[in-house]
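Colleague: Take this sequence and fold it.
(2 chains)
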Amino acid sequence: MTVLFAVVIALAAVSSLGVVFSRQTIYSALSLVVTVSMLAVLFLLLNAQFLFAVQLIVYAGAVMVLFVFIVALLSPDAEDRPALDLRAVIGGVVVVVVTALVFIAARNGITYNTGGFHATAVGAANDPYHTFSFPPDTVNAAGNVQTVAGQLFTNYLLPFEITSMLLLVAAIGAVYLTRRSSS
Amino acid sequence: MLNANLFPYLLGLATFLFTVGAAGVLIRRNPIVVFMCIELMLNAANVALVAYGRFLNSQEGQIFAFMVIVVAAAEVVVGLALITQIFRLGRELDVDDLSEMKE
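Modeller: All right, here's what the predicted structure looks like:
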């Protein structure tokens, strides 16, 4: 299980670098396919089966097919740029520093209970919330899809309906933007 | 039962994906790649939401991640429509060239 997590996290991180550093646009798109697929596997490992299916269908299916289609349609040229310019170096340093800071903070300081987040001192191992002792998976006892749907159609019904309106508006906007101007 | 020591690594992955996406948005000039980097950032938020939801034994993280996926799909549809329109106008696909609004 831990090995699987390590492999999935490493592949997601490496392929996300491929999105940014590939000079050919199609290689960026294919790297992003790998990234979203690995994140789908990560969702499955994190007991989010519904999101696993949604991620594969919406991202790896619809969105990435749209990206690859647009890349094939427009066939943009490869970017030519120096191998190591200043912006890339600054970006890399920022990525490494911020990731290290968040990792250290999550490992040492930030912990939580069900009442909210509590920042504790480094090494507060006797804090009961620092031990990460989680109850058994009672939340998913009825099955992940069923529990998510129960929440989605009761407590979060209004946001769910608003997302359908959002998709409708986006579809209308896309049709309006890509129509041939007949003036 | 999930090993709790994994949680910092998941947050680290989310932060890494977000910062790589942000750096890509700032560095790359091709608008299609810029949109892919925005997708990376949204996916990073999803990882954090699902990880927190898992370790707090709650379903809300997954529901918010679902909403984020919907927003990302809508954003891609409109963004790629804009890119095809830019291409149809005979413009080069370069975000540094698209600066008419500034002038």
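Colleague: what about the strands in chain A?
Modeller: Assigned by DSSP state E, chain A shows strands spanning A:110-113, A:116-119.
Colleague: which of these has the lowest average pLDDT?
Modeller: The minimum mean pLDDT among the strands of chain A belongs to strand A:116-119 (a mean of 43).
Colleague: Give me the residue ranges of chain A where confidence is low.
Modeller: Residues of chain A meeting the criterion pLDDT under 70: A:79-84, A:109-143, A:181-183.
Colleague: can you map out the helices along it?
Modeller: Using DSSP state H, the helices of chain A run over A:2-21, A:25-45, A:49-54, A:64-74, A:86-104, A:144-152, A:157-178.
Colleague: just checking, what packs against the third one?
Modeller: Packed against helix A:49-54, as judged by 3 or more CB pairs under 8 Å, 6 or more residues apart in numbering or on different chains; DSSP states H and E, are the following elements: helix A:25-45, helix A:144-152, helix B:60-88. For the C-beta atoms, the positions are set from N, CA and C on the backbone; glycine is no exception.
Colleague: List the buried residues for the longest one?
Modeller: Of the residues in helix B:60-88, those scored as buried under the neighbour-count criterion (16 or more other CB atoms under 10 Å in any protein chain shown) are B:61-67, B:69-70, B:72-84, B:86-87.
Colleague: again with the shortest one
Modeller: Of the residues in helix A:144-152, A:144, A:147-148, A:151-152 count as buried by neighbour count, 16+ other CB under 10 Å.
Colleague: Likewise for stretch B:10-17?
Modeller: B:10-17.
Colleague: How far does it sit from its chain's centre?
Modeller: The chain centroid and the centroid of stretch B:10-17 are separated by 13 Å under CA atoms, centre = their mean, to the nearest Å.
Colleague: Do that stretch and chain A come into contact?
Modeller: Yes: with CB under 8 Å from any CB of the partner chain as the criterion, chain A is reached by stretch B:10-17 at B:10-13, B:15-17.
Colleague: Make TSV out of the residues you listed and add secondary structure, pLDDT and distance to A:V94.
Modeller: As requested, the residues of stretch B:10-17 next to chain A are exported to TSV (DSSP: H, G, I helix; E, B strand; the rest coil; pLDDT from 0 to 100; distance: CB to CB, whole Å):
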residue	secondary structure	pLDDT	distance to A:V94
B:L10	helix	91	21
B:L11	helix	89	17
B:G12	helix	91	15
B:L13	helix	94	17
B:T15	helix	93	11
B:F16	helix	94	11
B:L17	helix	95	14
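Colleague: Ignoring the adjacent residues along the chain, who's closest to A:A40?
Modeller: A:Q55 (4.1 Å; CB to CB, 6 or more residues apart in numbering or on different chains).
Colleague: and B:A51, what is it in contact with?
Modeller: By CB atoms under 8 Å, 6 or more residues apart in numbering or on different chains, the contact set of B:A51 is A:46, B:7, B:10-11, B:14, B:61.
Colleague: which sections of chain B are below the confidence cut-off?
Modeller: B:1-4, B:101-103.
Colleague: again, only using 80
Modeller: B:1-5, B:55-58, B:90-94, B:96-103 (pLDDT under 80).
Colleague: Tell me which residue lies nearest the centroid of chain A.
Modeller: Nearest residue to the geometric centre of chain A (CA atoms, centre = their mean): A:L39, 6.4 Å.
Colleague: That one touches B:N46, doesn't it?
Modeller: Yes: contact criterion CB atoms under 8 Å: A:L39 and B:N46 qualify, at 7.0 Å.
Colleague: Spell out which residues are contacts of both of the two.
Modeller: A:Q55.
Colleague: three-state assignment of B:G90?
Modeller: Applying DSSP: H, G, I helix; E, B strand; the rest coil to B:G90 yields a three-state assignment of coil.
Colleague: circling back to that earlier point, give me the neighbour count for the residue nearest to A:A40.
Modeller: Here the number of neighbours of A:Q55 (other CB atoms under 10 Å in any protein chain shown) works out to 27.
Colleague: residue contacts, it?
Modeller: Neighbouring residues of A:Q55 by CB under 8 Å, 6+ apart: A:36, A:39-40, A:43, B:46, B:69.
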